[in-house]
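Undergrad: quick one, fold the following:
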Amino acid sequence: MSFLAEDTTMKKITLLTVLALACSGAGCTTKKHAPAAGVVDADAASPVAGRVTIPPDSPKLQQIHVAAIAEQDVPIDEVIAPGKIDVNPNQVSRVMLPVTGKIVSTLVRIGDNVKQGQPVLQLESSEADLAISAALQSDAALTQSRVSLIKAQSDYDREKELFAGLAVAKKDVLAAEAGLSQAKAALEQAEAAKNQAYSRLDILGLKGLAFRQKIDVRAPISGKVIDMTVVPGEYRNDTSNAVMTISDLSSLWVVSEVPETSIRKIERGERLEVELTAWPGETFPARVTRIADAVDPTTRTVKVYAEVANAQGRLRPEMYGRIRHIEASRRMPVIPSAAVVQEEKQTLVYREASPGVFDPVAVTLSSPSKGSLGVLTGLHPGDRIVVDGAMLLKSF
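TA: Here you go, the predicted structure:
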């Protein structure tokens, strides 16, 4: 390199050094233009995809509500199946007439509550007079048998005395003894016939031995009259058909059809939760009392019967709903359904990174339980998420 070129290079370096020192001494800085109001600075943007930042002075920030999430026990393996309320067959009684006859009067109507033993209708029947007649005949037969026994006993005692004095033969004593035995047997039969006749009177509810009595048909159980097929003035000669149905509605059955693939998870005696369309947001505890022995070949389901208490009478037969059977549970974060934003391919929740800054987080959720959703993956207890206004963030 020539001396002239080296001299030129040194002059350039010296000039740049002098300018740098002069600028430093004068306090020179490089200015950046401030971003316009409402626009997020691009240099401050986070590399997190989908992050939404709302300026502190934006009115939209007031519409966003954030809360920390907590842990709860959430069912992770459960069976949900449609169900219907039905009467408890163990607490239903179909009232039948004890004898044929004419209905004199009905003492209750459909919907009435009755107590066990309460008269529900009156019946006029010739069977009542026949039962009374049989009771009177049994009384007469018993009286006659007692008289015959007294005579047979007297004959036997006399024959024994005569035989002791050698006045009669032994065969006469044996004959008198046989007559006494027959008289005792006849008395026992008469007593049995009387007991049977009076038992018939008790079954028919007849009092005393007066003829032309009306028969009171009484409620066999306490409950509500849910059906009646008889009116006053009818003559009924068929005692095998029910004239009234009484059901104790203090407990009912919920009948559900559980898919064949899930029936292994349910056992007799286990607890269920019943949700009814008539009472949204409420659950009623029930216990499995019976599981059908066969699978329905058409629906491939198995009927499950569970008993549910109905002391307050809020449940009624034929109400529809569903059962929920919980086999296991796990402790996990729980979020409200309003916090969830459903995308085409994923489910999102907005987590607060800092005040006014929200990051979308993909989550995996459990089945809804009592209005909340368990978070299987994506969030941790204590994370602050948007619980109200998540759809507003989606529009950014």
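Undergrad: can you classify Ala67 by secondary structure?
TA: Under the three-state scheme (DSSP: H, G, I helix; E, B strand; the rest coil), Ala67 adopts strand.
Undergrad: how much space separates it from Arg331?
TA: According to C-beta to C-beta, to the nearest Å, Ala67 stands 19 Å off from Arg331. Where C-beta positions appear, they are placed from N, C-alpha and C, glycine not excepted.
Undergrad: buried stuff in the helix or strand where Asp73 lies?
TA: Following DSSP states H and E, one finds Asp73 within strand 70-87. By neighbour count on 16 or more other C-beta atoms under 10 Å, the buried set for strand 70-87 is 72, 74-76, 78-81, 83-85, 87.
Undergrad: what two of those residues have the greatest distance between them?
TA: Gln72 and Val87 (36.2 Å; C-beta to C-beta).
Undergrad: show me what counts as buried in stretch 315-334.
TA: Those would be 315, 319, 321-326, 329, 332-334, for stretch 315-334 by 16+ other C-beta under 10 Å.
Undergrad: please look at Pro232 and Val104 and confirm they touch.
TA: Yes. Assessed by C-beta atoms under 8 Å, Pro232 is found in contact with Val104 at 6.6 Å.
Undergrad: who has more neighbours, those two?
TA: Val104 (15 against 11; other C-beta atoms under 10 Å).
Undergrad: for the more buried one, which non-adjacent residue is closest in space?
TA: Gln122 (4.3 Å; C-beta to C-beta, 6 or more residues apart in numbering).
Undergrad: if I look at the one you found, how far off is Glu273?
TA: 46 Å.
Undergrad: low-confidence stretches in the stretch 1-150 of the chain?
TA: For the stretch 1-150 of the chain, residues meeting the criterion pLDDT under 70 lie at 1-47, 76-77.
Undergrad: could you rerun that using 50?
TA: 1-46 (pLDDT under 50).
Undergrad: show me where it has strands.
TA: 52-53, 65-68, 70-87, 92-95, 101-106, 113-114, 119-124 (DSSP state E, counting those that start in this stretch).
Undergrad: using JSON lines, lay out the ones you listed together with distance to Leu348.
TA: Output for those, formatted as JSON lines (distance: least, C-beta to C-beta, whole Å):
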{"stretch": "strand 52-53", "distance to Leu348": "11"}
{"stretch": "strand 65-68", "distance to Leu348": "15"}
{"stretch": "strand 70-87", "distance to Leu348": "20"}
{"stretch": "strand 92-95", "distance to Leu348": "52"}
{"stretch": "strand 101-106", "distance to Leu348": "66"}
{"stretch": "strand 113-114", "distance to Leu348": "55"}
{"stretch": "strand 119-124", "distance to Leu348": "64"}
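Undergrad: output the longest helix belonging to this structure.
TA: helix 126-164 (DSSP state H).
Undergrad: can you pull out the helices in the chain?
TA: 3-26, 126-164, 170-204, 390-394.
Undergrad: out of those, flag the one nearest Glu307.
TA: helix 170-204 (32.3 Å).
Undergrad: so the closest one versus helix 126-164, what angle?
TA: 160 degrees (axes from the mean of the first three to the mean of the last three C-alpha atoms, to 10 degrees).
Undergrad: pLDDT on helix 170-204, on average?
TA: The pLDDT scores in helix 170-204 average 93.
Undergrad: chain center to it: distance?
TA: Chain-centre distance of helix 170-204: 58 Å, with C-alpha atoms, centre = their mean, to the nearest Å.
Undergrad: would you mark the buried spots in it?
TA: Result for helix 170-204 [16+ other C-beta under 10 Å]: buried residues 172-173, 176, 179-180, 183, 186-187, 190, 193-194, 197-198, 200-201, 204.
Undergrad: do stretch 127-138 as well
TA: In stretch 127-138, counting by 16+ other C-beta under 10 Å, buried: 127-128, 131-132, 134-135, 138.
Undergrad: show me what it is in contact with.
TA: With contacts defined as C-beta atoms under 8 Å, 6 or more residues apart in numbering, stretch 127-138 is touched by 99-101, 190, 193-194, 196-198, 200-201, 204, 206, 209-215.
Undergrad: next one: Gln189 from Ser247, what distance?
TA: 44 Å.
Undergrad: oh, that last question was meant for Asp112, not what I typed.
TA: For Asp112, the distance to Ser247 - C-beta to C-beta - is 12 Å.
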